[in-house]
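[1] Fold the stuff below for me.
(one chain, ligands or ions: 1)
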Amino acid sequence: MKTRTSREIQVGRIKIGGQNPIAVQSMAATRTQDLEGTLRQIRILEGAGADLIRIALDSQKDVEALRKLRQETDAVLVVDLQESYRLAEELAPLVQKIRYNPGHLHHHEKQKSKKDKVAWIVEQASRHGCALRVGVNCGSIDPEWLERFPDNDEEAIVQSALEHCRILDDLGFKNYLVSLKDSDPAKVISINRRFHSLRPDVPIHLGVTEAGLPPEGIIKTRVAFEQLVSQGIGDTIRVSLTVPFEQKGDEIKVGREILKDIEEGRFRSVPDFGDKKLNIISCPSCSRVENEKFVELAIQVKEMAQYAKEHAITIAVMGCRVNGPGETDGADLGLWCAPTYVNLKKKEEQIGTFSYEEILPRLKVELDRLILTRASNH
Ligand code: SF4
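    Presented below is the predicted three-dimensional model:
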């Protein structure tokens, strides 16, 4: 393994980066306001050996819930400021790390500059000794960078991350790391390699987003981690698997197994994720999941679609409206869950909404159509 070159940052009692062991983290998939369920999930993840545990927060009520959870656990907690960056002021005293998404930040308080918004977050984090993660995601890239690189979303992701590093550096804030995520392991490899070549000093959180159900989700993640961690890239990891809430600890166990294999030189042959076969991606689910039938739906989609396994088709199954609409844009067929129905899309086009009972046969109709169209175009 190549030696890592990142600087060390402090996240509560954990040091990440430098020559510290690669930290393994996961996310509570319960609704944060379900105190009993979330606490149980935190215990499951701690029991599996999680170094950090992430929790989603969307509202003031979630903050109140977090305040109560904080009294019950000393776990190193991270919060995800997706659509709610103004909550940072109240969150910072309760957690050890805050993640913000440059793509989402762009849409808030448009009259303010990016730098002012980041400066405000930094002020909250600094006051309470919190670390920050700049979390850039393929499904929510800062539109300014997408405009500048309309045909190269990989470069847009890298440039957005670099821009935020510059802002944080200019503000004199050093306790941060960066993540650059995509659901395609090949892209995860290339964007992280490129970012690392330009900023070898910045610690990186690695992950393949929406890797999906085991075993494919594990294979996709392993492929990316093998290529990056062996090259000294990656200081903390998250394995995102679509598994029932009770099995979330598997994300930690799998992460540790992959790291151990890499360290001991056990590499798997690298599967080809070129566009030659059926590819089903699904999000790992989190507290935002709109209907608990989501995990079952992801399993059913995978089973139903097996007959198409030799076709180069991507089907995405997402748990909620926060990331569902954007993350399904790139899929040939996309499903994203609402509380009582499922949205069905073909690339960016909305086909319609269907009940949880109707969606599977309707998806099959679209899948058959797609296979026929492609066959007649050949
Ligand atoms: S798509 Fe929604 S439910 Fe799924 S992990 Fe992302 S935020 Fe959570």
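[2] Contact partners for the residue nearest to residue 15 when sequence neighbours are not counted?
    Using Cβ to Cβ, 6 or more residues apart in numbering and skipping residues adjacent in sequence, the residue nearest residue 15 is residue 8, 5.4 Å away. Any C-beta I mention is one placed from the backbone N, CA and C, and that applies to glycine too. Taking Cβ atoms under 8 Å, 6 or more residues apart in numbering, we find residue 8 in contact with 15, 16, 17, 18, 20, 203.
[3] Neighbour count, secondary structure and distance to the ligand for those residues - can I get that in TSV?
    Below are the contacts of residue 8 laid out as TSV (neighbours: other Cβ atoms under 10 Å; DSSP: H, G, I helix; E, B strand; the rest coil; distance: Cβ to the nearest ligand atom, whole Å):
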residue	neighbour count	secondary structure	distance to the ligand
15	16	strand	27
16	27	strand	22
17	22	coil	25
18	13	coil	30
20	16	coil	27
203	28	coil	23
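[4] which one of those residues is nearest residue 213?
    Taking Cβ to Cβ as the measure, residue 16 is the one of those closest to residue 213, at 28.5 Å.
[5] re earlier: will you turn the contacts of residue 8 into CSV that also has pLDDT?
    Putting the contacts of residue 8 into CSV (pLDDT from 0 to 100) gives the following:
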residue, pLDDT
15, 98
16, 98
17, 97
18, 96
20, 97
203, 98
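[6] TSV please, covering the residues you listed and showing distance to residue 330.
    Putting these into TSV (distance: Cβ to Cβ, whole Å) gives the following:
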residue	distance to residue 330
15	36
16	30
17	31
18	35
20	35
203	28
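[7] Would you check how far apart the residue nearest to residue 15 and residue 86 are?
    Applying Cβ to Cβ, to the nearest Å, the value for residue 8 to residue 86 is 30 Å.
[8] Over to residue 33?
    19 Å.
[9] who's more crowded, these two?
    Using other Cβ atoms under 10 Å, the more surrounded residue of residue 33 and residue 86 is residue 33, with 17 against 13.
[10] Helices along the stretch 1-150 of the chain, start to end?
    35-47, 60-72, 88-91, 102-106, 114-127, 143-148 (DSSP state H, counting those that start in this stretch).
[11] tell me which residues in stretch 255-267 are buried?
    For stretch 255-267, the neighbour count (16 or more other Cβ atoms under 10 Å) marks 255, 256, 258, 259, 261, 262 as buried.
[12] quick one: low-confidence ranges for the stretch 201-350 of the chain?
    Along the stretch 201-350 of the chain, segments meeting pLDDT under 70 span 267-275.
[13] Repeat the analysis, applying 80 as the threshold.
    Counting by pLDDT under 80, the stretch 201-350 of the chain contains low-confidence residues at 265-276, 284, 323.
[14] where along it do the strands fall?
    All strands of the stretch 201-350 of the chain, identified by DSSP state E, counting those that start in this stretch, fall at 204-207, 236-238, 279-282, 314-318, 333-337, 342-346, 349-354.
[15] export these to a markdown table and tack on mean neighbour count?
    A markdown table is the format used below for these (neighbours: other Cβ atoms under 10 Å):
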| stretch | mean neighbour count |
| --- | --- |
| strand 204-207 | 26 |
| strand 236-238 | 27 |
| strand 279-282 | 26 |
| strand 314-318 | 27 |
| strand 333-337 | 26 |
| strand 342-346 | 21 |
| strand 349-354 | 13 |
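[16] Can you add distance to residue 27 and give the ones you listed back as TSV?
    Shown next, in TSV, are the strands of the stretch 201-350 of the chain (distance: least, Cβ to Cβ, whole Å):
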stretch	distance to residue 27
strand 204-207	10
strand 236-238	7
strand 279-282	15
strand 314-318	15
strand 333-337	17
strand 342-346	22
strand 349-354	27
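[17] so which of those strands comes closest to the ligand?
    The ligand lies closest to strand 314-318 among these, at 4.3 Å (Cβ to the nearest ligand atom).
[18] Up against the ligand, what does the stretch 201-350 of the chain have?
    Residues of the stretch 201-350 of the chain lying near the ligand by Cβ under 6 Å from any ligand atom: 283, 284, 285, 286, 288, 289, 318, 319, 320, 322, 323, 324.
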